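>>> Okay, sequence plus prediction incoming.
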Amino acid sequence: MKPYVISNVGMTLDGKLATIANDSRISGEEDLKRVHQIRKEVDGIMVGIGTVLKDDPRLTVHKIPAKKEDNPVRIVVDSKLRVPLNARVLNKDAKTIIATTEEINEEKEEKIKKLTEMGVEVIKVGKGKVDLRKLMEELYKRGIKKILLEGGGTLNWGMFKENLVDEVRVFIAPKIFGGKDAPTYVDGEGFKTVDECVKLELKNFYRMDDGIVLEFKVKK
Ligand SMILES: NC(=O)C1=CN([C@@H]2O[C@H](COP(=O)(O)OP(=O)(O)OC[C@H]3O[C@@H](n4cnc5c(N)ncnc54)[C@H](O)[C@@H]3O)[C@@H](O)[C@H]2O)C=CC1
Ligand SMILES: Nc1nc(O)c(N)c(N[C@@H]2O[C@H](COP(=O)(O)O)[C@@H](O)[C@H]2O)n1
């Protein structure tokens, strides 16, 4: 069994999540409130370590009224255990799970010890990179039945490639960032043919701030 996964991003019309200089101010205030409402309704919120290193997010419900108990479990996918011990995602506002690989060396062992002392749970699944399928099973076993996947593009690719995403919600801002190296909604190596690609069914759309929100179900 695996959690139900909703993928959400704020992106530009050309599919970018940030500029080449990592400026990711895409959503307006209303859209951020929409995202925080989803955060409040899920059991877990998941990002890749790239997003933690670049944005230092809190990943809590802080744009709408909420209690500490409303914060979902924060899940960071971090193969090489690069998470800084002072990252905001490790603060006491919510529980945090770090998913890493099974490879262990002295340095990693020491860091796991420190993280555990801080109350962070470390789950080891996969070799080389985190095995996302196994991770989903482990999270489900811990009672995490619904997850908000908040990117970035590398983790989004991993999740789509493994067919682990059930729903897509995107805010599209009327902006164009350009730049072949700017992060996009889904990066990674990409599918070679249209037959292999992820297919979506449009369920809903509406205006939000200066842009539009699109909601899709992933065709299975
Ligand atoms: N506009 C928006 O809604 C959002 C924008 N962003 C932007 O995205 C950028 C960060 O994206 P990325 O650098 O792509 O980092 P990312 O957040 O996708 O993290 C990638 C990391 O995940 C780890 N990982 C481990 N196992 C994996 C697996 N099986 N598959 C995939 N990844 C695995 C790897 O260590 C990899 O380096 C930042 O510029 C951030 O601002 C991020 C989230 C939302
Ligand atoms: N939905 C959305 N729209 C944008 O314009 C964004 N830049 C993001 N970024 C995501 O939100 C995280 C920030 O979370 P906190 O406010 O610090 O809790 C950031 O890391 C991205 O995951 N999202």
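Looks like it came in fine. Ligands and ions are numbered 1, 2, ... in the order given.
>>> Please count neighbours and contacts with C-alpha atoms only from this point.
OK.
>>> Tell me the residues on this structure that lie near ligand 1, please.
9-11, 17-18, 22, 24, 47-51, 54-55, 77-79, 129-132, 150-155, 158, 183 (Cα under 6 Å from any ligand atom).
>>> so how far is the helix or strand containing Met46 off the chain centroid?
Taking DSSP states H and E as the definition, one finds Met46 inside strand 44-48. Distance of strand 44-48 from its chain centroid, counting by Cα atoms, centre = their mean, to the nearest Å, is 4 Å.
>>> Quick one: mean pLDDT for it?
The pLDDT scores in strand 44-48 average 98.
>>> And for Arg88, nearest residue in space, chain neighbours not counted?
Arg58 (5.3 Å; Cα to Cα, 6 or more residues apart in numbering).
>>> how about the one you found, secondary structure?
Following DSSP: H, G, I helix; E, B strand; the rest coil, Arg58 is assigned to coil.
>>> That one - how many residues pack around it?
Neighbourhood size, Arg58 [other Cα atoms under 10 Å]: 16.
>>> In this structure, mark out all the helices, start to finish.
In the chain, the segments counted as helices under DSSP state H are 29-41, 49-55, 106-117, 132-141, 153-161.
>>> among those helices, which is the most enclosed?
helix 153-161 (a mean of 21; mean count of other Cα atoms under 10 Å).
>>> now for that helix, which elements pack on it?
The contact analysis (3 or more Cα pairs under 8 Å, 6 or more residues apart in numbering; DSSP states H and E) places helix 153-161 against strand 44-48.
>>> between the strand it packs on and helix 132-141, how many degrees?
160 degrees (axes from the mean of the first three to the mean of the last three Cα atoms, to 10 degrees).
>>> So what are the sheet partners of strand 44-48 and their directions?
When pairs are called by DSSP bridges, strand 44-48 turns out to pair with strand 73-77 (parallel), strand 146-149 (parallel).
>>> And the contacts of it?
39, 59, 72-78, 144, 146-152, 154-155 (Cα atoms under 8 Å, 6 or more residues apart in numbering).
>>> on that earlier part again, now the angle between helix 29-41 and the strand holding Met46, please.
Going by the same axes, to 10 degrees, strand 44-48 makes 120 degrees with helix 29-41.
>>> Many thanks, have a good one.
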